[in-house]
Structure formats: C-alpha cells, structure tokens
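J.: I'd like to go over a predicted model; first the sequence, then the structure.
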Amino acid sequence: MVQNIIEVKNLSKSFDISSKKPGLKGTIKHFFRRQTKSLKVIKDISFEIKEGEIVGFLGANGAGKTTILKMLCGLIYPSEGYILVSGYLPFRRKENFLKNITLIMGQKQQLIWDLPPIESFYLNASIYDLDKFEAKKRIKKLSEMLEIDEELFIPVRKLSLGQRMKSELLAALIHEPNILFLDEPTLGLDINAQRNLRKFLLKYNKETNATICLTSHYMKDITSLCKRVICVQEGAISYDGKLDLLLKKLSPVKEILIVCRSEEDAIKLENSGFTIKNKIKNEITIKIENNSITSSLKNILNNYDIEDLFINEPPIDEIIGKLLIKKDYDF
Amino acid sequence: MISKLINRKIFTLLKVQYSNMLEYRVEIALWAISGIIPFFMLNIWTNNNLNESINISDVMLSRYFLCAFFVRQFSVVWVVFSFEEDSLMGKVSPYLIQPINPFFRYFAQHLAEQITRFPFALIIIFFFFIFNPESIWIPNSGILLLSIISTFLSFLIQFLIQSIVACLCFWTEKASSIERLLFIPTLFLSGLLAPVVSFPTYVKSWIYLTPFPYLIDFPANLLSGNETNISGGLSMQILWIFLLFPLFKKIWAEGTKKYTAMGT
C-alpha cells in the first residue's frame, strides 16, 4: 500500500495586513495610527498526498495556493492546524527534512547571478553534503535529462530565461529530493521550454518516484502532469480529486458538429429533440450529455444521412476558468 | 566528522563567494579607498596638535589611524542591507529551506570580500608610508598574530550586531533604519574618529562597557603598539561574542516564525 507522504489537518494561516486610505490625510493618519487587520488566507483545510503522486493546486490569483506550498515546505509558519511532510513538522526545518524537499518558485532564483551555474551546483552539492564525485555524477545525469551542456559554464546573467530555469531546476534537484514543491515552474517560458520542462518532470517522477506538488496558471502543465487536483478558492478547498472527474463535472455536455448530406436531413435533425447550439445550412451543432453520448450518436448515425461529425471538447482553460470565477460551485 | 563537513561547506561557500567577489574587484577597490576616514581624522588631529592633549606622539598617532584604517577594512559589515533586500524581494526563501543557516552565506560573502580587499588595502598602506616614512614600523609576530585575531573578533562582533538588527526585518521591513541609529555610536565610540583614550575619564569608563571600543580602538591600539590591556581587550571581545551569539540565535528562531516570504 502506498504511504501518505503529506498529511494536512485543519490547517489555517492568517496574516496581519495594514491598510491605508488614499491621499495626504490617509497618509498622516496611517503614520500616527496604523490600522492592521488579521486576514485568514487559508481556512481550515485538510488533505493527504501519497508518495509518488503529482498533485496540481488550482485557484485564482490570491486564492492561497502558494501559501499552502510555502507551509508544506516549511518556509512559513502555520497559524493553526497540523502538517506532516515525510514524517516531519515542516516549520521546524530539520536538516533531514530539508534534504528531502525542494521548492522552485517561478523566476525566483538561487543561482549566483555573476557566476556560471556550475559554481552554484557545486555549492549546493556541498551544502547537501554530497562529495565531489557524487556531485559530478548527478550534475552530468541531470544536465543530460534537462538537455543543458555549454550553458553550465556561462554566467547566469547571460543565460536566456529558459536556460536559467533549467539551471534553477538542476540546482534545486542536485540533492535528489523526494518531494518537489513547484510554484509556477513554467512562468515566462516559451512553448518548447514549457514542454521540455513537463517532459523532464514526468521523467523525474517516473525514475525517482518523487512526489510533486505543483501550482500553475498554464492548464497544459496541470493536464500533462497531474491526475489529481486540489482546487483552492478563497483559502478553502473546493475540490480534491481526479482531474478527469472534475472536468466531467464542470462540463457535463459535449458539443458535436454534424455535417448532414442534405439540408433536409439537417432540418429533420433540428426537429428531433436534441439541444441545438446552432445550424448553418447542412451543418448543425448539438449538445449531448456525457453519459448519453454513445446512445445518441448511434441514434443519429442510424437514422440520418451523415457526411461527417466532429466531437468538440470544450477548452480546459475555459472550464477551469469557470470554476475559478464561480465561488459557490457545488461538487 | 561534523566539523569536517561544516568546514567543507564553509570552504566551498568561501571559494564560490570569492569567485563572485572577484567579479566586483573594481567596486571593492573603490570601497577600500572610501574607507580613508581615519586619514582625514589624522590630518585634523596633527594640524591642530590635538595629540598633545592626550600625550601621544605624532608618529604613534599616525600609526594608530593607519591601524584604524586597516582594522576597519577587515571588519566592515553590511549584512543588514543584503539581508533586508533579500528578505523583501523574497530571495532569502530558497536559502531558508536549505540545510545551512542563510547567514553563513553572508558570512562567507564578507570574508571573501575581505580577501579581495586585502591587496587594495596594502596598496593604500604602501602610499601612506611613502608620504609618512617616519611612521614605518614592523610589529613583532606575536603582536601581529594577536592583532589579526582581535580584528577577526571585531568583525565577528559587528557581524553579530548587524545580523541581530537584520533579523528585525521579520518584524519591521526596514531594519536598516535601526542600523543607522547604531552607526552613530559606532562612528564616535569605536575609535574611528578619535582614540577612545581622548575621551574624558568618566565617559571612557562607560564606553569600555559597550562593544564599540573593541571594534576599532582596541585592535588598532594593539597593532600600532600603543599601550593597551591586551588580555582585558581580548576577553571583552570574546565576552561580547558570547553575549551576542545566543541573542542572535533566539531572534533568528523567533523571526523565522514571522517570515511571510514576501515577493514570492
């Protein structure tokens, strides 16, 4: 049986936020009497993640995804609740725990700007107690996986964003962590670099059975990597389960474009009781519920003279976008 | 075994930071030149014959200010500014989840900068001796060794003080403004502008209870060969380190609980 590597129970996080009214009056008032209020950004959430799972955290900006990742990796202290990651309380930042995890945050970098990445790799290797031989072996292996070579010897400031991100990944993975926390890892990368990064993460997960927790606004990252997603809305979890199931729930109908041989057939089909989206001459688009798609298509193919048909999957960005906007989705 | 590993980490940090500092060698040369306040002070003191009031000869005074310059070169600390920027920009986040305290990075940066600074400081001293040949002297090896130790202890005290102030970033975002307050007593009471011996007796007795005279005055007097209580001075330096280190650890532990990882 696969073990839980992350356990979160009734976790909450509040931040003290100071607010200031605009204008000179507001500034003077703010100077003498600062008004702060406690804002609960994570509200009593609970979930578990199994070893080797890749879980995507979905949510609008400010929903609390990154705050959850920061608490899971021990960067910030939780206000209430319980977190256990790989058997450790993350915020205690014990050495063995830190050697087991890594955090990659978009364009925030740990590489030394004026030196080639190789210098940062050897530095990280010594911080994680790797000897020079082992470090060399891992740098070779990871640079092959990430397809970087000459870039290792060029100062970081002269690398492209994609090359820098790959180097960042290498620096973050040199100690072969079991748990990866990735916050927007493909932010700002071009399509090819994004695809390569996803390919690399899948390979890394397959080879090391590492657990990956990921946030991204690029839906392709989520659909390519994650079977399971956790949706965060205003600091609370609104959905935790399989991505497929979520998509089915959010988009219960499919659109089918049917090209009839004649306009007469199209008119016949239009009056047959299906939900019609639109009709242009002999082309008609109907909406069919996911659970009756097979029987409905059988019926259409048997009873009408059909030249061609196309099943249109609604764009995933659109479906998830609906989820992020609507606050009271009932799963 | 543990100390071997720590040494390896520190050594690698130092090596990498030294490579990094060499990229900034021009800036470091300028910083070295910018530390010539003691030479201006020497000029003021000698032109106004102020040294007569404290019974120090011209030669000894010029040696004192030269040593003050030298000690300052190897004990200057800027960790509060680096940490504040890194903390506000979220750059400190990746370091916080590495199995080494981020302050070791800053510590290594400072040491690396001192090594880079060394040849420039020597050049400045060389020119000082050209213009003041009467001040040339060679301290004996024992005094030289104690002076190096004392300068390093002075650096440690300043590094700890600034690190404690830097940790206040976890509560107030602009901890460097608190450092500005500390800059005033550091400037006046450390011996950078005037040897502490020139202060009135009553004030002196209070000054010696603070860490400030052990930052410049004590190591500079020791190196220049002025009369000084060597064991007392070194003991006070060690005492201050023993007082400041646990305070730093406590503030660090409490501060990291407050960390909000801004900018990430």
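T.: Sure thing, it's come through.
J.: just give me the neighbour total for residue B:170.
T.: 18 (other CB atoms under 10 Å in any protein chain shown). In this view, the C-beta of every residue, glycine as well, is placed from N, C-alpha and C.
J.: just confirm it contacts residue B:164, I think it does.
T.: No: using CB atoms under 8 Å, residue B:170 is not in contact with residue B:164; the gap is 11.5 Å.
J.: what about the closest residue to residue B:28 other than its chain neighbours, distance to residue B:35?
T.: Take residue B:28 and drop its neighbours on the chain: the residue closest to it by CB to CB, 6 or more residues apart in numbering or on different chains is residue B:116, 4.9 Å away. Per CB to CB, to the nearest Å, residue B:116 is found 14 Å from residue B:35.
J.: more neighbours, the two?
T.: Neighbour count, other CB under 10 Å: between residue B:116 and residue B:35, residue B:116 has more, with 22 against 19.
J.: and the more buried one, what does it touch?
T.: By CB atoms under 8 Å, 6 or more residues apart in numbering or on different chains, the contact set of residue B:116 is B:18, B:21-22, B:24-25, B:28.
J.: which residues of the chain fall in helices?
T.: Just so you know, I chose chain A. A:23-32, A:65-72, A:95-98, A:117-127, A:132-146, A:161-173, A:191-208, A:219-225, A:243-250, A:263-270, A:293-303, A:316-325 (DSSP state H).
J.: not what I meant, chain B
T.: B:2-22, B:25-34, B:37-47, B:58-73, B:79-88, B:92-96, B:102-131, B:141-167, B:176-189, B:201-207, B:217-224, B:230-258.
J.: show me how far the longest one is from its chain's centre.
T.: Meaning helix B:102-131. With CA atoms, centre = their mean, to the nearest Å as the basis, helix B:102-131 stands 11 Å off its chain's centre.
J.: what residues sit buried inside that helix?
T.: Buried residues in helix B:102-131, counted by 16 or more other CB atoms under 10 Å in any protein chain shown: B:102-117, B:120-121, B:124, B:128.
J.: ok, the last one next?
T.: Burial within helix B:230-258, assessed by neighbour count using 16+ other CB under 10 Å, is assigned to B:233-234, B:236-237, B:240-241, B:244, B:248, B:251-252, B:255-256.
J.: now for that helix, which elements pack on it?
T.: In terms of contacts (3 or more CB pairs under 8 Å, 6 or more residues apart in numbering or on different chains; DSSP states H and E), helix B:230-258 is packed against helix B:141-167, helix B:217-224.
J.: quick one: that helix to chain centroid distance?
T.: Using CA atoms, centre = their mean, the offset of helix B:230-258 from its chain centre is 15 Å.
J.: again with the shortest one
T.: Distance, stretch centre to chain centre, for helix B:92-96: 25 Å (CA atoms, centre = their mean).
J.: do the same with the first one
T.: Using CA atoms, centre = their mean, the distance from the centre of helix B:2-22 to the centre of the chain it belongs to is 20 Å.
J.: is that helix up against chain A anywhere?
T.: Yes: in terms of CB under 8 Å from any CB of the partner chain, part of helix B:2-22 sits within range of chain A, namely B:5, B:8-9, B:11-13, B:16, B:19-20.
J.: now the residues you listed as a markdown table including pLDDT?
T.: Below are those laid out as a markdown table (pLDDT from 0 to 100):
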| residue | pLDDT |
| --- | --- |
| B:5 | 54 |
| B:8 | 76 |
| B:9 | 80 |
| B:11 | 84 |
| B:12 | 86 |
| B:13 | 84 |
| B:16 | 87 |
| B:19 | 86 |
| B:20 | 84 |
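J.: what's the PyMOL line that selects buried ones from these?
T.: For the buried members of the residues of helix B:2-22 next to chain A, the matching PyMOL selection, counting by 16+ other CB under 10 Å, is:
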select buried, chain B and resi 9+12+13+16+20
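J.: tell me the two of the residues of helix B:2-22 next to chain A that are most distant?
T.: B:5 and B:20 (22.4 Å; CB to CB).
J.: out of the buried residues of helix B:230-258, who's nearest chain A?
T.: Chain A lies nearest to residue B:256 out of those, by CB to the nearest CB, at 7.7 Å.
J.: for that closest one, give me its contacts.
T.: Residue B:256 is in contact with A:77, A:93, B:96, B:170, counting by CB under 8 Å, 6+ apart.
J.: do residue A:324 as well
T.: By CB under 8 Å, 6+ apart, the contact list for residue A:324 reads A:58-60, A:63, A:233.
J.: so can I have a markdown table of those showing distance to residue A:125?
T.: Shown next, in a markdown table, are the contacts of residue A:324 (distance: CB to CB, whole Å):
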| residue | distance to residue A:125 |
| --- | --- |
| A:58 | 35 |
| A:59 | 35 |
| A:60 | 39 |
| A:63 | 36 |
| A:233 | 41 |
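J.: cool, thanks, talk later.
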